[in-house]
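Trainee: all I have is the shape, not the residue letters:
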């Protein structure tokens, strides 16, 4: 695929970019070079390549999901928290139904 000056002008118009006539002429070979490179990528055989998200192996560094027993910094405050709730049901906040 190749682009001409009219195509570059159309792309600039769609992108709402003001481009002078000289800049249009300079962009034609640049865009054609980019498109030729993309077409080259399409010729590469990737049938035996597994999809990946990164080139190095990554694992999530997760901490254990443990409630801290310290009364100042941790959990164990369910009753104190639910005391602020207008309605508490089964150890949870009771909320009004919003979908009918």
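Mentor: On my side now, so go ahead. Treat the numbers as computed from the prediction; the structure is a model and nothing was measured.
Trainee: next SSE downstream of the helix or strand of the chain with the lowest mean pLDDT?
Mentor: The weakest-scoring helix or strand in the chain, judged by mean pLDDT, DSSP states H and E, is helix 78-82 (a mean of 84). Moving toward the C-terminus from helix 78-82, the next helix or strand (DSSP states H and E) is strand 88-89.
Trainee: what about residue 3, how many neighbours?
Mentor: Neighbour count for residue 3, taken as other Cβ atoms under 10 Å: 17. C-beta here means a position set from N, CA and C on the backbone, and glycine is covered the same way.
Trainee: please look at it and residue 31 and confirm they touch.
Mentor: Yes - using Cβ atoms under 8 Å, residue 3 is in contact with residue 31, at 5.0 Å.
Trainee: how close does the residue nearest the centre of the chain get to residue 59?
Mentor: The residue lying closest to the centre of the chain (Cα atoms, centre = their mean) is residue 53, at 12.8 Å. The gap separating residue 53 from residue 59 is 12 Å, by Cβ to Cβ, to the nearest Å.
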